[in-house]
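Enquirer: How does the following fold in three dimensions:
(one chain, ligands or ions: 1)
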Amino acid sequence: MPIRFVYFDLDDTLLDHRRAERMALADLYEAHRAHFGEHDLEVLRTTYHAHNVVVWRRYAAGALTKAEAKHLRFARTLDALGLTTLDPDALSDEYLACYARHWAFIDGAQAAFHAVADRLPVGILTNGFVEVQRAKLERFPDLRDRAQAVVISEEVGHLKPHPKLFAHAAAAAGAPPEALLYVGDSYPSDVEGARGAGWDVAWYTADGSRDAAVFRFHDWNDLLARLG
Ligand SMILES: [Mg+2]
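Expert: Purely as a prediction, here's the structure:
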């Protein structure tokens with residue numbers, strides 16, 4: 001069946017989340033340089049990332065509330081670094097403010113999004129904290145304005161790769177699963193989630209090592225060529 005609707009993932013597909021996270025942690029590090037003692041910035045980044053992944057997984061599984069997740073990722077980072085003089089909740093708020101200052105499109109993604117939206121109806125399907133993801137759509141109103149459906153996991157109550165989130169998105173698009181294409185960067189969340197729901201997938205990745213059965217691209221022109 002031809003593709004009739006294209007959903008895009010937001011973080012690390014259209015927007016460079018990873019870069020914004022790295023820059024925000026650099027801002028925190030500079031602002032609180034004296035507290036970090038002998039720890040360098042890369043130690044902060046590595047430690048935060050390790051704890052954030054674990055906390056996110058538990059939040060996604062419903063084992064933590066959003067407030068607990070926001071608190072814990074910084075509380076555990078500070079604990080691991082032996083830093084007792086910084087308040088994790090204040091740091092979390094500061095982090096989110098710094099993070100927002102560094103939001104930007106991935107190279108080529110904005111033009112490609114418009115090119116796809118010129119041909120087919122498009123939507124956004126994203127995990128993440130709802131207020132943060134909504135703020136991104138306010139910052140980049142062309143995403144919000146051209147999207148015919150915006151599906152944020154927290155608003156639905158299930159995170160990718162949960163089949164109920166994909167079913168909700170399919171209903172919002174008004175198309176059967178086999179007429180939907182999902183464009184995303186995460187193998188477990190996006191590729192496995194969309195395939196499990198019966199959608200077609202375009203995997204945005206530089207990693208060619210895994211799963212040759214999936215269409216993958218790292219040059220946005222390749223995605224446009226695929227759509228014909
Ligand atoms: Mg992503």
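Enquirer: The closest residue to Gly198 other than its chain neighbours and the ion: what is the separation?
Expert: Distances taken as C-beta to C-beta, 6 or more residues apart in numbering place Pro177 nearest to Gly198, at 3.6 Å, with adjacent residues excluded. (Glycine included, C-beta is placed from N, CA and C.) Per C-beta to the ion, to the nearest Å, Pro177 is found 20 Å from the ion.
Enquirer: cool, and Tyr187?
Expert: 10 Å.
Enquirer: quick revisit: please verify my assumption that the residue nearest to Gly198 contacts Gly196.
Expert: No: using C-beta atoms under 8 Å, Pro177 is not in contact with Gly196; the gap is 10.0 Å.
Enquirer: which of the residues in stretch 171-181 are buried?
Expert: Neighbour-count burial for stretch 171-181, counted by 16 or more other C-beta atoms under 10 Å, picks out 172-173, 175, 177, 179-181.
Enquirer: about what we covered before: pull up the overlap in contacts between Pro177 and Gly196.
Expert: By C-beta atoms under 8 Å, 6 or more residues apart in numbering, Pro177 and Gly196 have these common neighbours: Phe166.
Enquirer: Enumerate the residues of this structure near the ion.
Expert: Residues of the chain found near the ion (C-beta under 5 Å from the ion) are 9, 11-12, 185-186.
Enquirer: Repeat the analysis, applying 6 Å as the threshold.
Expert: When proximity is defined as C-beta under 6 Å from the ion, the chain approaches the ion at 9, 11-13, 184-186.
Enquirer: possible to save the residues you listed as JSON lines with neighbour count, pLDDT and secondary structure?
Expert: Formatted as JSON lines, those follow (neighbours: other C-beta atoms under 10 Å; pLDDT from 0 to 100; DSSP: H, G, I helix; E, B strand; the rest coil):
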{"residue": "Asp9", "neighbour count": "24", "pLDDT": "98", "secondary structure": "coil"}
{"residue": "Asp11", "neighbour count": "23", "pLDDT": "97", "secondary structure": "strand"}
{"residue": "Asp12", "neighbour count": "19", "pLDDT": "98", "secondary structure": "coil"}
{"residue": "Thr13", "neighbour count": "24", "pLDDT": "98", "secondary structure": "coil"}
{"residue": "Gly184", "neighbour count": "26", "pLDDT": "98", "secondary structure": "strand"}
{"residue": "Asp185", "neighbour count": "22", "pLDDT": "97", "secondary structure": "coil"}
{"residue": "Ser186", "neighbour count": "19", "pLDDT": "95", "secondary structure": "coil"}
